[in-house]
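Colleague: would you be able to build a 3D model of this:
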Amino acid sequence: MLILKQSLFEQIQAHGARDYPNECCGALLGNDGGTDRTVLGLVPLANQREDSPRDRFQITSEDVRLAEKEASAKGWELIGWYHSHPDSPARPSEFDREHAWPWYSYIIFRVEKAEPQEMRSWRLNDDRASYDEEGIEYIAGAPA
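Modeller: Below is the predicted model:
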């Protein structure tokens, strides 16, 4: 289960609406409690993809280092990534699978005509062949 504060949910949605019709992307920072992960902060990133930002996103090694550094400074972990699917379903594409890493949570959300829609989270299996959907629990305040 991925635990996500309502305010962070809204920040992710706003990022997707701002970057529409291109995909947005960012890092999820927080704590991995084994069965549950709690998202405590975000690092919104610029989509570095130049050739097809409408249906692809790219995160650089510098982006990964930035997210890890920010998480470490707060005593958290880099627990995953988020990105939007403009006018497409909130499920991983084959491109997403080919470029994902096991262990991380991947929030994917649909943005339809600049309006954020469905948000889902996924975890890539260790064999990298497929994803399992991870439930999202939305909470109003700070996690316990």
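Colleague: phi first, then psi, for the residue most central in space within the chain.
Modeller: Geometric centre of the chain, nearest residue: Tyr82, 1.4 Å, by Cα atoms, centre = their mean. Phi and psi for Tyr82, reported as degrees, to the nearest 10, are phi -130, psi 150.
Colleague: isn't it right next to Tyr106, touching?
Modeller: Yes. Counting by Cβ atoms under 8 Å, Tyr106 is a contact partner of Tyr82 at 7.4 Å. Where C-beta positions appear, they are placed from N, C-alpha and C, glycine not excepted.
Colleague: just give me the neighbour total for Glu10.
Modeller: 11 (other Cβ atoms under 10 Å).
Colleague: so what touches the helix or strand containing it?
Modeller: Using DSSP states H and E, Glu10 sits within helix 6-19. Helix 6-19 has contacts (Cβ atoms under 8 Å, 6 or more residues apart in numbering) with 24, 26, 39, 41-42, 44, 47, 82, 84, 86, 107, 109, 111, 114-116, 119, 138-140.
Colleague: which of those count as buried?
Modeller: Those of the contacts of helix 6-19 that meet the buried threshold are 24, 26, 39, 41-42, 47, 82, 84, 86, 107, 109, 111, 116, 119, by 16 or more other Cβ atoms under 10 Å.
Colleague: in strands only, show me these.
Modeller: Counting by DSSP state E, the part of these found in strands is 26, 39, 41-42, 82, 84, 86, 107, 109, 111, 116, 119.
Colleague: chain neighbours aside, what residue packs nearest to Trp76?
Modeller: Leu29 (4.8 Å; Cβ to Cβ, 6 or more residues apart in numbering).
Colleague: who does that neighbour bridge with?
Modeller: For Leu29, the beta-bridge partners are Gly41, Leu78 (DSSP bridges).
Colleague: what is the burial count for it?
Modeller: Neighbourhood size, Leu29 [other Cβ under 10 Å]: 24.
Colleague: also Gly80?
Modeller: 26.
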